[in-house]
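Engineer: this one's sequence-less:
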């Protein structure tokens, strides 16, 4: 692998960390516009992060060392998982570790530590957040895996870069299986990133929180890392969906022109996806906790139908 | 006790040597019947399981002395404990080494009986006696089934020696009968649903290091038996058998983890998780048989390696977790999760090792559980190479069930670790818990280090395990280490690759780098303060989530699968009690009807017992005449 | 021949067939009555679209008329009539929760795999992609029957029956290029008459047993008086 390839891979990783707050700012801006407000500026999430990094970190008396270790673990796993996903180009050296099941495993590791940190302080809110989060994660995982299987069985590989390459070369084929897998992945992404209708990221009522309840005790640089990790997760799922199902524009050669086109393409796709997310969040209401199994069952059904469509319709014998 | 550790070390070394040798070593012992001497054989398969037994026994050997000394304050005789532990280990080692059915069954019985005495060690408690009896009963029913399977094999092979059984050619019907009998017998010992009821009763009541041995090692001996009979002696593979294995394995895995989530007795919870993990091992075996039955030997090897990897992983992390539970029991005399809390600050090393065990069993990178689960998924993903569309749709559905069990296992261990080690202590004993002695910590540490090593160097481990499919199936998995020690590529580099060392190193570097960057300057200090309490009273230990509360959403969502009795008894005044009981459906659906049928049949048979001596002599005469007529 | 070898029109056909399967699942699990009627309307529209595409691909002009008929009848007229019926019966906001939704969905998935396995031996090479659509239409028929088994509300049972008919129509269109026009018209008018009769009967049922829950019809047995 040439030095240029490594450089682009590093750039891709840094872009993930740098662009994630911007994506969240854009989602909030669109929501505000739909509510007839001007809303905070696009760079407000950067200001929030900078403010938090400058503050003291306060830790409860009852917390153990795991409480302080968890933010670093969560941030590292989320960032590593995101950096492996092709953002600008496909032929990068980091593509070799972009196995889809490994990515799911890394995100699960982050979630494990996040839930443990929530239980660490010994209050009821943390336990509640952890319990709800593990329920949703448990129900979302089979749906996610079925969608991954559909992609993997079509491209004969679980490596994400290989799948993106395969979709690029067979771009103009209409596949019912991909349609359903896309639907399933969209629903899973909403559940995993904690957006409405599964969880409200802007709530301050403790009894309605899921993700926020797990972060309730954090402050200062720890909270900054956790928030940043959540934003990177949103960017991760957005890029995964955009570049896997609509891969046009991604750079196949590492020339500056192709990379610039790749950046423009992904930004364009993310702007549209985020706007759609904002519209969905405005139109839908947050569901009761025990309605989310029905939501995730729908995701599982769609992924399952995607797999069955692949087996029945797309493989002729 | 040190003898145990030495025995373990010897077994480990012998096993590794056998795996590396490439050929089998046989010998004939001067024991047994004159025309059926006991033969032993050390080949790759036996060597693998010897290594598994050995490594866990080393850990238990380090752990045992300190733990057992605490039992000295009771009335139980420690010599008995030591003696039976030795017999138990001997039984397991002999089962692995046996090369003919006679020695196999004798050693199997030795293993079952000595473990019965170990389970019933603290026999003052009536519940313990009941659990031990149930264990003995089911062990013998299983043993009978295995004996019948050997009978079928021997009738086609001509003798009870394994060498002869290997050469016997059996038609599909009889082979299926032998397969079913072996599956029933070994499955009962391995604890597959619905024959698992003895596991959650027997494992918790034994002393903790014995529970570790039973759960980590004895269940693997059942897997060894199954592999030996089906893969080696029968040596026929039909995809129907594979589908049966796959279905039973998936069902066991799901039901095991769901029942585990509902428990708040720590050792019972771990026992149910053994049911789940054995289910996962059988999923791998089922995939292997399906691929072998449809003519894909390399993929069959992949399935077998995934199952074997999970076997050694489960032995390691289950042993570690049971030793940790024993450590908690030792220092706080508490087995109930609802009374624990905050143990990480009081027992830091045990907490660290238990965390390693929890991460491993939840199949999270970079530890060992993830590798075997990744290999199982890779095997399942090769289903596109099959011809049958029905199989191509069933296998992904089974892997979706596997994904669900993985996620539920992670939820369960967040619950266990969060309630037991984090938060505030919920009872006085736990608040006063002290760290355990060095020996116990060393035992746990050894197993934890192995968990990490097997997670970070999977390629090396697979190269060693590869001897087993090469010997049994004739083809190994050469591609797995084709790209050096850094990359694991089970099928080919283009299909899937996983680099555990790279992942672990990058994660560590990034986390450390971020920590170093952010902890410089004036903001590096951390100030302690009170937890958030909404402005009301400070959070007390009772306000925390309990284990039952943590599992409540999952109990509600999966409610139909359990037998839940829930209610509030309104006492006098303000003393209302909440009552919750979650029972295993298998009791009502399978065990109770079987018990009633047996009692019904027994009542009928009792009529034979008329008390008249002439009637008994008449029965004797009739039986003698019938036997003579059959022989003639 | 795999998907990439087919012309675009046939790929679109496969997508539409998969969407028809999705609507039959949605009909099985949909709790709200009005939403179920809308799902059924979409299923009719999709079946009409499939018919149009088959007509365009195979130059079978009489199928255009069938497509129009299906669209008008299944996509517009019958849903409108059912909607009006629901409003008159006061069930416009009715929500019926399915007991054990996970089990019914698993049963439906099992039926899909079963119908795929059944259709496998059909070995006509030229029809290999339409053979897959026959599997889907058989699955739609079976899931329609499953809907009638598992749902208690009488109106939803009608929807299940109608979706069975949709499945049969889809099978006919994809396998043999449609049925003769006379048969088409006959079946369509039969369905219309059945709808009218259903409307009348529902009022009768509700008057006699005061509910449209078909399980209440259990009362009409010899041993009436015990159970619900």
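Structural biologist: Structure's in. What do you need? Remember, predicted model here, so these are calculated numbers, not experimental data. Residues are numbered from 1 along each chain as shown, chains lettered A, B, ... in the order given.
Engineer: what sits against the residue in the stretch 51-200 of chain A that chain B sits nearest to?
Structural biologist: Proximity of the stretch 51-200 of chain A to chain B (CB to the nearest CB) peaks at residue A:127, 2.4 Å away. Every C-beta, even on glycine, is put in place using the N, C-alpha and C of the backbone. Listed by CB atoms under 8 Å, 6 or more residues apart in numbering or on different chains, the contact set of residue A:127 reads A:118-119, B:418, B:423, B:544-545, B:549-550.
Engineer: which SSE is the residue of chain C found nearest chain A in?
Structural biologist: Closest approach between chain C and chain A, counting by CB to the nearest CB: residue C:18, at 3.4 Å. Using DSSP states H and E, residue C:18 falls within helix C:8-29.
Engineer: try residue B:80
Structural biologist: helix B:78-97.
Engineer: tell me which parts of the stretch 501-632 of chain B are close to chain A?
Structural biologist: With CB under 8 Å from any CB of the partner chain as the criterion, the stretch 501-632 of chain B comes near chain A at residues B:502-503, B:506-507, B:510-512, B:514-515, B:518-519, B:523, B:525-534, B:539, B:541, B:543-545, B:549-554, B:556-557.
Engineer: Show me how far the helix or strand in which residue A:76 is found is from its chain's centre.
Structural biologist: Secondary structure assignment for residue A:76, by DSSP H and E: helix A:65-84. Here the centre of helix A:65-84 is set off from its chain's centre by 14 Å, with CA atoms, centre = their mean, to the nearest Å.
Engineer: C-terminal to that helix, what's the next element?
Structural biologist: Assigned by DSSP H and E, the successor of helix A:65-84 is helix A:100-120.
Engineer: so what does that following helix touch, helix or strand wise?
Structural biologist: Contacts defined by 3 or more CB pairs under 8 Å, 6 or more residues apart in numbering or on different chains; DSSP states H and E place helix A:100-120 against helix A:65-84, helix A:124-155, helix A:160-169, helix A:211-214, helix A:220-245, helix B:368-381, helix B:389-420.
Engineer: go again using 6 Å as the cut-off
Structural biologist: helix A:65-84, helix A:124-155, helix B:368-381, helix B:389-420 (3 or more CB pairs under 6 Å, 6 or more residues apart in numbering or on different chains; DSSP states H and E).
Engineer: where does the residue of chain B found nearest chain A land in three-state SS?
Structural biologist: Of all residues in chain B, residue B:545 sits closest to chain A, at 2.4 Å by CB to the nearest CB. When classified by DSSP: H, G, I helix; E, B strand; the rest coil, residue B:545 comes out as coil.
Engineer: do residue B:527 as well
Structural biologist: Strictly by three-state DSSP, residue B:527 counts as strand.
Engineer: Pull the number of nearby residues for it.
Structural biologist: When neighbours are defined as other CB atoms under 10 Å in any protein chain shown, residue B:527 has 10 of them.
Engineer: pretty sure it is touching residue A:57, no?
Structural biologist: No: at 7.5 Å, residue B:527 does not count as touching residue A:57 under the criterion of CB atoms under 6 Å.
Engineer: avg pLDDT for stretch B:470-485?
Structural biologist: Across stretch B:470-485, pLDDT averages out at 75.
Engineer: Run through who's touching that stretch.
Structural biologist: B:43-44, B:231-232, B:297-298, B:301-302, B:305, B:459, B:462-463, B:466, B:469, B:489-490, B:492-493 (CB atoms under 6 Å, 6 or more residues apart in numbering or on different chains).
Engineer: Out of these, which sit inside helices?
Structural biologist: Here DSSP state H is the test, and the contacts of stretch B:470-485 give B:44, B:297-298, B:301-302, B:305, B:459, B:462-463, B:469 as lying in helices.
Engineer: Ignoring the adjacent residues along the chain, who's closest to the residue of chain C closest to chain A?
Structural biologist: residue A:176 (3.4 Å; CB to CB, 6 or more residues apart in numbering or on different chains).
Engineer: That neighbour contacts residue A:308, doesn't it?
Structural biologist: No: in this structure residue A:176 lies outside contact range of residue A:308 using CB under 6 Å: 9.6 Å.
Engineer: so what pLDDT did residue A:138 get?
Structural biologist: 92.
Engineer: how near is the nearest residue to it once chain neighbours are set aside to residue A:107?
Structural biologist: Take residue A:138 and drop its neighbours on the chain: the residue closest to it by CB to CB, 6+ apart is residue B:407, 4.0 Å away. Residue B:407 sits 11 Å away from residue A:107, going by CB to CB, to the nearest Å.
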